[in-house]
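[1] sequence unavailable; structure follows:
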């Protein structure tokens, strides 16, 4: 037992019918309900812990169907298709018999092949020279991460000015540090504050609707990354009538692109 | 009835149990099985035609669990969660009782809000000045699209040289022209030939595993785009042990970003 808040948060116990039982974690509370990243990690964990799982996660899509209520949930997990070296999973998370999340996961036994990072890590100050924010986060989950912003910290003033771009870059890792794995990398993929807040300097209500994570690393590479920092970059490409997208990348300190991830986010005006 | 091959390809008839019956289309045949874009459009169409559908598609993720065999399929469609103005769908496509595709779709009634294209359309020659390829496609579905490559056409030689980048840019529309809608835009989101062929000048076996489409336009905007060209751009960010990603954008001639789309693709070496 690591005793780390993250491990406690994603813990699942087997239900009687093959489903998994979990609960939201106060340590990862957001403004309403839990941090989406921890919910995504819980959904992935239900696949990772499944006795029939084949290989490692390559792709994950999580759809947030409703804000989770604080308390227990049930995760139903089903291998929809098992091929020789790949597997397609369907996940549904329920509270009080209502669906609050749907997800699909693709796992595979990978073979070693020619590999390359085409999207290179941008040049940036090293983590030790990148200051921590002066204030603690206003929401609890923010305090579970060590974030050192290189560019695109929260706007200096919520003055509603259109900044014309939405990019944020930061060094990030779990706080306290915890060796990287697929579950924590999933949560880290959702670590960015809403792009519309950055773009318009206005903290409008938002909610992630769907998030996709592509893993470009295996377990050994994550283990080698260990408790090192990740360089994380996110930017929106379009804002349209209540929904904006976010495209993001996470590299390790060695410049290996571990994850590319995308989401579509509701915003209210 | 338009009589267009696309409409024939995505046609569905209601099954007795609420499912939809469709079939693969020879007009959109790929090397093995059908063009993935047409399969994705069929899956979306099963939601679009559902009597309980609320609003327009905002997000779609399609997982290709197995190569479709030529012939009929059944699409099972279920609204997993219906909120006041949004809806989460789960889709499963079967052949011979086996799952060949899973998908999730998010639909919503959109409200008009502040909107912006942050990822601007790159400068390019206009479609009329961008030549058509001299040869017909080697696979049938390629002939269903008018493609005018601006950059990153097929490598001049399959010499296995690492070109160091994988970007392709082209003007594209249905051939013959067909007014744009959500189904055709979904298929167009998969119109790019495999990024690893471009990057490494080597036509290795590939297969898309999962594809996500975010729609940044409503039906009226697609109608206004009509039979105009789309400017389409795709690039890989990472290649790792058998899987590479692709991130892509499709703008209309007015420079409006209609779709951002991503996929993860298996490759063999």
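    Nice, I can see it. Please read all numbers here as calculations on a predicted model, not as lab measurements. Residues are numbered from 1 along each chain as shown, chains lettered A, B, ... in the order given.

[2] now the helices for chain A?
    For chain A, helices defined by DSSP state H occupy the ranges A:5-10, A:36-48, A:182-188, A:195-200, A:219-225.

[3] out of those helices, deepest packed?
    The densest packing among these, expressed as mean neighbour count by mean count of other Cβ atoms under 10 Å in any protein chain shown, is seen in helix A:36-48 with a mean of 26. For the C-beta atoms, the positions are set from N, CA and C on the backbone; glycine is no exception.

[4] who's the residue nearest to residue A:263 when sequence neighbours are not counted bridged to?
    Leaving aside its chain neighbours, residue A:263 sits nearest to residue A:211 (4.1 Å; criterion: Cβ to Cβ, 6 or more residues apart in numbering or on different chains). Note on residue A:211: beta-bridge partners residue A:62, residue A:263, judged by DSSP bridges.

[5] surely residue A:211 and residue A:44 touch.
    No: taking contact to mean Cβ atoms under 8 Å, the distance of 11.1 Å between residue A:211 and residue A:44 leaves them out of contact.

[6] who touches the closest residue to residue A:222 other than its chain neighbours in this structure?
    Ranked by Cβ to Cβ, 6+ apart and with sequence neighbours excluded, the top spatial neighbour of residue A:222 is residue A:180, at 4.6 Å. Residue A:180 sits next to A:222, A:223, A:225, A:226, A:227, A:228, A:230, A:252 when contact means Cβ atoms under 8 Å, 6 or more residues apart in numbering or on different chains.

[7] let's have those in TSV, adding distance to residue B:157 and pLDDT.
    TSV is the format used below for these (distance: Cβ to Cβ, whole Å; pLDDT from 0 to 100):
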residue	distance to residue B:157	pLDDT
A:222	38	98
A:223	40	98
A:225	38	98
A:226	43	98
A:227	46	98
A:228	41	98
A:230	39	98
A:252	35	98
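
[8] farthest pair within those residues?
    A:223 and A:230 (14.3 Å; Cβ to Cβ).

[9] circling back: could the helices of chain A be laid out in CSV, adding distance to residue B:269?
    Shown next, in CSV, are those (distance: least, Cβ to Cβ, whole Å):
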stretch, distance to residue B:269
helix A:5-10, 34
helix A:36-48, 27
helix A:182-188, 24
helix A:195-200, 36
helix A:219-225, 18
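
[10] would you mind saying which of these lies nearest residue A:128?
    Using Cβ to Cβ as the measure, helix A:219-225 is the one of the helices of chain A that comes nearest residue A:128, at 17.2 Å.

[11] from the contact counts, what lies against the closest one?
    In terms of contacts (3 or more Cβ pairs under 8 Å, 6 or more residues apart in numbering or on different chains; DSSP states H and E), helix A:219-225 is packed against helix A:182-188, strand A:257-267.

[12] ok now it, how far from the chain's centre?
    Computed by Cα atoms, centre = their mean, to the nearest Å, the separation of helix A:219-225 from the middle of its chain amounts to 17 Å.

[13] contacts for it, please.
    Helix A:219-225 is touched from outside by A:56, A:179, A:180, A:181, A:182, A:185, A:217, A:252, A:253, A:254, A:256, A:258, with contacts defined as Cβ under 8 Å, 6+ apart.

[14] now the buried members of these.
    Among those, those that count as buried by neighbour count (16 or more other Cβ atoms under 10 Å in any protein chain shown) are A:56, A:180, A:181, A:182, A:185, A:217, A:252, A:256, A:258.

[15] residues in contact with the first one?
    The one in question is residue A:56. A:107, A:108, A:109, A:110, A:182, A:215, A:218, A:219.

[16] could you give the bridge partners of it?
    Per DSSP bridges, the residues bridged to residue A:56 are residue A:108.

[17] how close does it get to residue B:242?
    11 Å (Cβ to Cβ, to the nearest Å).

[18] between these two, which contacts overlap?
    Each of A:108, A:110 lies in contact with both residue A:56 and residue B:242 under the rule Cβ under 8 Å, 6+ apart.

[19] chain center to stretch A:227-236, what's the gap?
    Averaging C-alpha coordinates over stretch A:227-236 and over its chain gives two centres that are 11 Å apart (Cα atoms, centre = their mean).

[20] quick one: buried residues of that stretch?
    Judged by neighbour count using 16+ other Cβ under 10 Å, the buried positions of stretch A:227-236 are A:229, A:230, A:231, A:232, A:233, A:234, A:235, A:236.

[21] hmm, it touching chain B?
    Yes: contact of stretch A:227-236 with chain B (Cβ under 8 Å from any Cβ of the partner chain) involves A:235, A:236.

[22] next: stretch A:18-27.
    No: using Cβ under 8 Å from any Cβ as the criterion, no contacts between stretch A:18-27 and chain B are found, and the smallest distance is 15.5 Å.

[23] list the buried residues of that stretch.
    Of the residues in stretch A:18-27, A:19, A:20, A:22, A:23, A:24, A:25, A:27 count as buried by neighbour count, 16+ other Cβ under 10 Å.

[24] and of the residues you listed, the nearest to chain B?
    Checking the buried residues of stretch A:18-27 against chain B with Cβ to the nearest Cβ, the nearest one is residue A:19 at 15.5 Å.

[25] contact partners for the closest one?
    A:74, A:75, A:76, A:77 are the contacts of residue A:19 under Cβ under 8 Å, 6+ apart.

[26] among those, which are within reach of chain B?
    Of the residues in the contacts of residue A:19, proximity to chain B by Cβ under 8 Å from any Cβ holds for none.

[27] now residue A:102. Nearest residue, chain neighbours left out?
    Distances taken as Cβ to Cβ, 6+ apart place residue A:63 nearest to residue A:102, at 4.7 Å, with adjacent residues excluded.

[28] how many neighbours does that neighbour have?
    Residues lying near residue A:63 (other Cβ atoms under 10 Å in any protein chain shown) number 29.

[29] check contacts around it.
    A:101, A:102, A:103, A:209, A:210, B:59, B:61, B:88, B:104, B:106.

[30] residues from the stretch 1-150 of chain A in reach of chain B?
    Counting by Cβ under 8 Å from any Cβ, the positions of the stretch 1-150 of chain A adjacent to chain B are A:58-59, A:61, A:63, A:65-66, A:80-81, A:83, A:86, A:88, A:90, A:92, A:98-100, A:102-104, A:106, A:108, A:110-119.

[31] could you pull out the strands in the stretch 101-250 of chain A for me?
    Ranges of strands within the stretch 101-250 of chain A are A:116-117, A:145-151, A:168-174, A:206-215, A:230-235, A:238-240, A:243-252, based on DSSP state E, counting those that start in this stretch.

[32] quick check: end-to-end length of stretch A:189-198?
    Across its full length, stretch A:189-198 reaches 18 Å between end residues, using Cα to Cα, to the nearest Å.

[33] do the same with stretch A:193-207
    Counting by Cα to Cα, you get 11 Å between the two ends of stretch A:193-207.

[34] with stretch A:140-153 instead?
    With Cα to Cα as the measure, stretch A:140-153 spans 18 Å from end to end.

[35] just the mean pLDDT for it, thanks.
    Over the span of stretch A:140-153, the pLDDT mean works out to 96.
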